[in-house]
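Enquirer: sequence first, then the predicted structure, then my questions.
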Amino acid sequence: MTDTTHLEHRTVPTRLPTFEELRAAIGPSGPADAQLTEHFAPVFAAIAAGSAQREQDHELAFAAIEHLRGAGFTRVRLGRDHGGIGASLPQLADLLVDLAAADSNLPQALHGHFMFTEQHENESQGAVSEWWLAEVASGKIFGNALVELPPSAGRRPVHWIDADPDTVQAAAATGTTEVARLTGDKFYSTGAIFADYLLVSAVRPGLEEDGPVFAIIDARDPGVQRIDDWNGFGQRLTASGTTTLDHVPVRAQRTQEFNVPTGVLAYTVLWIVLAATQAGIGATALAEITAFVRSRRRTYDHATAETPAEDPLVHQVIGAVSAKVVSARHIVRGAAAVVEESFLQVRGHTDLEDPVVVQAHARANIALSEASLVVSDLILEATNQIFESGGASATDAAKQLHQHWLNARTIASHTPLIYRTQAVGGYRINGAIPPFHSTARNSAAAEAATTATTTTATTEGA
């Protein structure tokens, strides 16, 4: 049993489990749910103990990231042959819900790491995949810097400038091979401040029509500056701010391809992370309002019991919130299973116009769109409904109960739900294939497949 001490009225382990302990305890068939829960529970407890204070002080959770790194959270999806434990995607989704319940900023901060690791784990791109997976196995964390604000906002587009021969020769003398330099600005660089490496999109001047190049750079290079200037009203500690690049080197074999089936599917992993985060937010809101109700002694003249904890009307509120929160977790896990199956279906397929790929993409995209719609509604309702059981005292800012709704609302705005609803309706009625993410070839595969898949899509929805 883990030794514990008390901090901020929570049970906090004084010793956290290590990834080596977890790996040694798990057999070749992979971990059981109970093993993962037992291993990570003390880690999540330690993270939860300081989350409210971090929110109040606007303090990024560097220590929490190190707890996750040490316990192996960032490598659970790696197969045993890649240095991991072979946890399933639904198991990861469950863990993300639990992590979000401890601190909702952290799953979102790690979304790029899990998205792109999933891609490399499912389909090798040669040397870059071997390197990426080895770095993840060693505990390294990958972030992303893919989004740009327009020049009208005073930002520079990131340009890829091929290295000149003298630079290549100088780099080779130090045992490295430099192929390019990156200069420009990114925003919404979620988790970048916590990362060891960053995946960056860049364009070659004069070759913009060819689309972006995706390069992996050292986040601690002197030319990289990561700024915590994200100013949203929720999810404020996801390290989602500006990243500036000035002549940052790109090494050989540090670029990857997204115009492949696993690249398309990687973006559904982002949606799993976001939906799991909302489910975790709901779980904490439920736990906190339940504890608050138990502690209250003051009630109203027209109440049906002497204390809120004995009041059937309050029971009704808590019961409704609980049903929403528990349902959200199950929905997320079910959607993750669809995505995991889709990754398996596209293995060995390289053409985005392959009907197998198009259908796998559609199933995963629609499953996550539907899950996101329902989970967002459930958790936004739940984080609003909790206040029906608490009276005016529940609105005390020091309790931070309002932050749950702010966080859930921010996540729901990540990809506006109106577009998810439209995509689902178009698929169910007409078999319209949801578009590939903008980093992949988009219209050709989707339009070519629309007519052929109308019957399948409408049958699935019957």
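Expert: Arrived safely.
Enquirer: only C-alpha atoms from now on, for both contacts and neighbour counts.
Expert: Fine.
Enquirer: for T242, which non-adjacent residue is closest in space?
Expert: Nearest residue to T242 in three dimensions, chain neighbours excluded: F187, at 4.4 Å (Cα to Cα, 6 or more residues apart in numbering).
Enquirer: same deal with A127?
Expert: Distances taken as Cα to Cα, 6+ apart put Q253 closest to A127, at 6.4 Å, once the chain neighbours are dropped.
Enquirer: picking up where we left off before, next one: the helix or strand harbouring the residue nearest to T242 to chain centre, how far?
Expert: For F187, the element it lies in under DSSP states H and E is strand 178-189. Here strand 178-189 shows a centroid-to-chain-centroid distance of 22 Å under the convention Cα atoms, centre = their mean, to the nearest Å.
Enquirer: helix or strand next in line after it, which one?
Expert: Note on strand 178-189: by DSSP H and E, the next helix or strand toward the C-terminus is strand 197-202.
Enquirer: against which helices or strands is that next one packed?
Expert: Helices and strands touching strand 197-202, by 3 or more Cα pairs under 8 Å, 6 or more residues apart in numbering; DSSP states H and E, are strand 142-145, strand 213-218.
Enquirer: what mean pLDDT does the shortest one get?
Expert: This points to strand 142-145. Averaging pLDDT along strand 142-145 yields 96.
Enquirer: give me the sheet partners of that strand and which way each runs.
Expert: If you go by DSSP bridges, strand 142-145 pairs up with strand 197-202 (parallel).
Enquirer: before we move on, the earlier item: quick one: pLDDT of the residue nearest to T242?
Expert: The model reports F187 with a pLDDT of 95.
Enquirer: avg pLDDT for stretch 35-45?
Expert: Stretch 35-45 carries an average pLDDT of 98.
Enquirer: restricting to C-alpha, output that stretch in CSV.
Expert: Taking C-alpha atoms only, stretch 35-45 is exported to CSV below (Å, rounded to 0.1, in the frame of the first residue of the first chain):
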residue,chain,number,x,y,z
GLN,A,35,-4.1,-2.6,-13.1
LEU,A,36,-4.1,0.8,-14.9
THR,A,37,-6.5,2.3,-12.4
GLU,A,38,-4.5,1.1,-9.4
HIS,A,39,-1.2,2.3,-10.9
PHE,A,40,-2.3,5.8,-11.9
ALA,A,41,-4.7,6.5,-9.0
PRO,A,42,-2.0,7.9,-6.7
VAL,A,43,-0.5,9.9,-9.5
PHE,A,44,-3.9,11.5,-10.2
ALA,A,45,-4.4,12.1,-6.5
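Enquirer: now do it: distance to the chain's middle.
Expert: For stretch 35-45 - counting by Cα atoms, centre = their mean - the centre lies 19 Å from the chain centre.
Enquirer: and for stretch 422-441?
Expert: Centroid separation for stretch 422-441 versus its chain: 22 Å, with Cα atoms, centre = their mean.
Enquirer: now that stretch: average pLDDT?
Expert: Here the average pLDDT along stretch 422-441 is 84.
Enquirer: just stretch 164-178 next, same as before
Expert: Average pLDDT, stretch 164-178: 60.
Enquirer: do stretch 267-285 as well
Expert: pLDDT averaged over stretch 267-285 gives 98.
Enquirer: so what's the gap between that stretch and the chain middle?
Expert: That offset, for stretch 267-285, works out to 8 Å (Cα atoms, centre = their mean).
Enquirer: in it, what counts as buried?
Expert: Going by neighbour count (16 or more other Cα atoms under 10 Å), the buried part of stretch 267-285 is 267-285.
Enquirer: next step: the residues you listed restricted to helices.
Expert: Judged by DSSP state H, the subset of these located in helices is 267-285.
Enquirer: and V250, what are its bridge partners?
Expert: A180.
Enquirer: what about it, neighbour count?
Expert: By other Cα atoms under 10 Å, 22 other residues sit near V250.
Enquirer: okay, the helices and strands packed on strand 197-202 in a markdown table with mean neighbour count and distance to I433 next?
Expert: Below are those laid out as a markdown table (neighbours: other Cα atoms under 10 Å; distance: least, Cα to Cα, whole Å):
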| stretch | mean neighbour count | distance to I433 |
| --- | --- | --- |
| strand 142-145 | 28 | 27 |
| strand 213-218 | 21 | 26 |
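Enquirer: returning to that earlier point: pretty sure the residue nearest to T242 contacts T243?
Expert: Yes: F187 is within contact range of T243, at 6.2 Å (criterion: Cα atoms under 8 Å).
Enquirer: any idea which element the residue nearest to A127 lies in?
Expert: Going by DSSP H and E, Q253 is not in any helix or strand.
Enquirer: I'd say it and S129 touch.
Expert: No: Q253 lies out of contact with S129 (Cα under 8 Å); the separation is 9.3 Å.
Enquirer: looking at those two, which is more packed in?
Expert: More neighbours surround S129 than the other of Q253 and S129, with 22 against 17 (other Cα under 10 Å).
Enquirer: once you drop chain neighbours, what's closest to that one?
Expert: H120 (5.3 Å).
Enquirer: for A192, see how far away the one you found is.
Expert: 19 Å (Cα to Cα, to the nearest Å).
Enquirer: H113 too?
Expert: According to Cα to Cα, H113 stands 10 Å off from A192.
Enquirer: same check, this time on V325
Expert: Taking Cα to Cα, one finds V325 at 30 Å from A192.
Enquirer: neighbour count winner among the two?
Expert: Neighbours of V325 and A192, each counted by other Cα under 10 Å, are more numerous for A192; the result is 30 against 26.
Enquirer: which ones are touching L274?
Expert: L274 sits next to P107, Q108, I411 when contact means Cα atoms under 8 Å, 6 or more residues apart in numbering.
Enquirer: oh, that last question was meant for S51, not what I typed.
Expert: Residues near S51 by Cα under 8 Å, 6+ apart: A102, D103.
Enquirer: next, give phi and psi for N407.
Expert: Backbone torsions for N407, taken as degrees, to the nearest 10, come to phi -70, psi -50.
Enquirer: just give the number of residues close to it.
Expert: N407: 22 surrounding residues under other Cα under 10 Å.
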